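J.: Pasting the sequence and the predicted model now:
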Amino acid sequence: MRKLNRNLTKRELEVLRLCAKGKTNLQIAETLSISTHTVKAHISSILDKLGVSCRLLAVTEAIKRGLL
């Protein structure tokens, strides 16, 4: 797993917090009043910035880094 130091945006952190609560893309989209396409884009960016390959690892890495 590669370590990256790029900061997550406020919106990406909101999406990540909802992922950590087990919300689906549709639930996240409805909560934040955005499209599921936008949610997917945020999640892709989060994965890239944290250097991980899935949502579970993103949440785990964010906890390790003190982001959640």
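T.: Alright, I've got the coordinates. Only a predicted model underlies this, so the values are computations on that prediction, with no experimental measurement involved. Numbering: from 1, shown residues only.

J.: so what secondary structure elements neighbour the host helix or strand of residue 47?
T.: Remark: residue 47 resides in helix 36-50, with elements defined by DSSP states H and E. When contacts are defined as 3 or more Cβ pairs under 8 Å, 6 or more residues apart in numbering; DSSP states H and E, helix 36-50 packs onto helix 10-20, helix 25-32, helix 55-64. Placement of C-beta: from N, CA and C, glycine included.

J.: Which pLDDT does the model give the most centrally placed residue in the chain?
T.: Closest to where the C-alpha atoms of the chain average out (Cα atoms, centre = their mean) is residue 16, at 3.3 Å. The model reports residue 16 with a pLDDT of 97.

J.: Contacts only, for it.
T.: For residue 16, the set of contacting residues under the criterion of Cβ atoms under 8 Å, 6 or more residues apart in numbering consists of 8, 46, 58-59, 62, 67-68.

J.: Put together CSV for the helices and strands packed on helix 36-50, with distance to residue 42 on each row.
T.: CSV is the format used below for the helices and strands packed on helix 36-50 (distance: least, Cβ to Cβ, whole Å):
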stretch, distance to residue 42
helix 10-20, 4
helix 25-32, 8
helix 55-64, 11
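
J.: if I look at residue 16, how far off is residue 32?
T.: When Cβ to Cβ, to the nearest Å is applied, the distance between residue 16 and residue 32 equals 12 Å.

J.: which residues touch the residue nearest to residue 15 when sequence neighbours are not counted?
T.: Nearest non-adjacent residue to residue 15, counting by Cβ to Cβ, 6 or more residues apart in numbering: residue 42, 4.4 Å away. With contacts defined as Cβ under 8 Å, 6+ apart, the neighbours of residue 42 are 11-12, 15.

J.: Now the buried members of the contacts of residue 16.
T.: 8, 46, 58-59, 62, 67 (16 or more other Cβ atoms under 10 Å).
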